[in-house]
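Colleague: Pasting a predicted model and its sequence here:
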Amino acid sequence: MGITAKSSEVKALKMRAWLDTTVLEPIRRKKAGREYAGGFGPRLPSSLLSADPAPEVGLEDPPPRTDSTTQRLLDPRFWKIASGTWGLKTIMAMRFIGSIFGVAASGLLSDKAWDVDSNYLFWTWVSLLVAFWAVGFNAAWMVGSLRSGARRMGDVFNPWLTISLVMLNLIAAAYMAQTTLSNSSYLVNLWWRVYVVGSPPVRVAVSGEDASGRAYELTLSGGIGIGSTDALRDALAKNPGVTRLVLSSPGGLVIEGFGLAETVRTSGIDTTVVVGECSSACT
């Protein structure tokens, strides 16, 4: 490079650019990879801990790439949270503060799951988003911890201290993700039951009338799905003299089961009879 450094000829400049991109740049990449691994233990070939620069977006003349936009977005190096540029203690403090919001939100959503009078279908969507966020955020926490540890492995007196901090970060991230998913599990399952499997309400019909034609018995049958509580409430409002309820259901959504039980408790029904089957939420 010293030969062409002072030259202004076009051929010399082209030769200099060619040497820089095809010869020297690969050497710099390999050297960066060795420094990135910290000179400790086996080399980590995974792109998760690659020394290549993170994908750049918004450049006027970006370098040619063979991967797609989706692949770049899925590359953990693209995201700041997984860059590993912070220290391990800072990563633990900042990520813990962030993930605690997910745990708190999932706990509040879990309470919403047991109120049939709330718009719990809306909360199922919110809970699904929180669950996805928890998985992504805590996965990025893990990636950032691994990359930070790999960067700093050779900079500390005792490399096992770095390994211990990395393990603490991984354990904390896994625990916070598991807690958030556990709190959101019922609402996520509810979302699946409603929007994927399908969950129609029970059938409520008059099955007994006295001599004057006044209904005294209702039959509740079929799977207990969305709107079952409202279906029973509507039937009782139309037939206020009902005192007997016949049950024939394989069960269904627990939240609607609790809503039905509360409706029966506050109504004039004093007798329930099972015909055929009454399982799960029906009980």
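Modeller: Okay, I see it.
Colleague: Report the secondary structure state of the residue positioned nearest the centre of the chain.
Modeller: Geometric centre of the chain, nearest residue: F132, 1.9 Å, by Cα atoms, centre = their mean. What DSSP: H, G, I helix; E, B strand; the rest coil gives for F132 is helix.
Colleague: how close does it get to G259?
Modeller: Distance from F132 to G259, counting by Cβ to Cβ, to the nearest Å: 28 Å. C-betas here are computed from N, CA, C, even on glycine.
Colleague: M176 - how many residues pack around it?
Modeller: Residues near M176, counting by other Cβ atoms under 10 Å, number 21.
Colleague: right, and it touches F101 too?
Modeller: No. Judged on Cβ atoms under 8 Å, M176 makes no contact with F101 at a distance of 10.1 Å.
Colleague: Where do the strands of the protein begin and end?
Modeller: With strands called from DSSP state E, the chain shows them at 203-209, 215-221, 244-249, 271-278.
Colleague: quick one, phi psi at the nearest residue to G268 once chain neighbours are set aside?
Modeller: Counting by Cβ to Cβ, 6 or more residues apart in numbering, T243 is the residue found nearest to G268 once chain neighbours are left out, at 5.7 Å. Per-residue torsions, T243: phi -120, psi 0 (degrees, to the nearest 10).
Colleague: Wait, T243 touches T272, no?
Modeller: No. Counting by Cβ under 8 Å, T243 does not reach T272; the two are 10.4 Å apart.
Colleague: Count the neighbours of the residue nearest to G268 for me.
Modeller: 14.
Colleague: Going along the chain, name the helices of this structure.
Modeller: All helices of the chain, identified by DSSP state H, fall at 10-19, 25-36, 69-74, 88-112, 120-152, 159-192, 228-238, 254-265.
Colleague: so which of these gets nearest A211?
Modeller: For the helices of the chain, proximity to A211 was assessed by Cβ to Cβ; helix 228-238 is nearest, at 19.4 Å.
Colleague: For that closest one, enumerate the helices and strands it packs against.
Modeller: Using 3 or more Cβ pairs under 8 Å, 6 or more residues apart in numbering; DSSP states H and E, the elements in contact with helix 228-238 are strand 203-209, strand 215-221, helix 254-265.
Colleague: Residues in contact with it: which ones?
Modeller: By Cβ atoms under 8 Å, 6 or more residues apart in numbering, the surrounding residues in contact with helix 228-238 are 116, 201-206, 218, 220, 242, 252-253, 256, 259-260, 262-264, 267, 269.
Colleague: Mind doing that once more with 7 Å?
Modeller: Applying Cβ atoms under 7 Å, 6 or more residues apart in numbering, the external contacts of helix 228-238 come out as 116, 201-202, 204, 218, 220, 242, 256, 259-260, 263, 267.
Colleague: What of stretch 268-283?
Modeller: Taking Cβ under 7 Å, 6+ apart as the rule, stretch 268-283 contacts 224, 242-254, 256-257.
Colleague: Can you give me the buried ones in that stretch?
Modeller: Within stretch 268-283, the residues scored as buried using 16 or more other Cβ atoms under 10 Å are 269, 278, 281-282.
Colleague: quick one: terminal-to-terminal distance for that stretch?
Modeller: This stretch, stretch 268-283, spans 19 Å end to end (Cα to Cα, to the nearest Å).
Colleague: gap between it and the chain center?
Modeller: Here the centre of stretch 268-283 is set off from its chain's centre by 37 Å, with Cα atoms, centre = their mean, to the nearest Å.
Colleague: Stretch 212-225 too?
Modeller: On Cα atoms, centre = their mean, the centre of stretch 212-225 falls 41 Å from that of its chain.
Colleague: Name the surrounding residues that touch that stretch.
Modeller: 199-210, 232, 235, 239, 241-253, 256-257, 260, 281-282.
Colleague: so how many other residues sit close to S118?
Modeller: Neighbours of S118 using other Cβ under 10 Å come to 13.
Colleague: correction: A237
Modeller: A237 is flanked by 9 other residues according to other Cβ under 10 Å.
Colleague: And for D234?
Modeller: 12.
Colleague: And it, how close does it get to S127?
Modeller: From D234 across to S127, the span is 28 Å (Cβ to Cβ).
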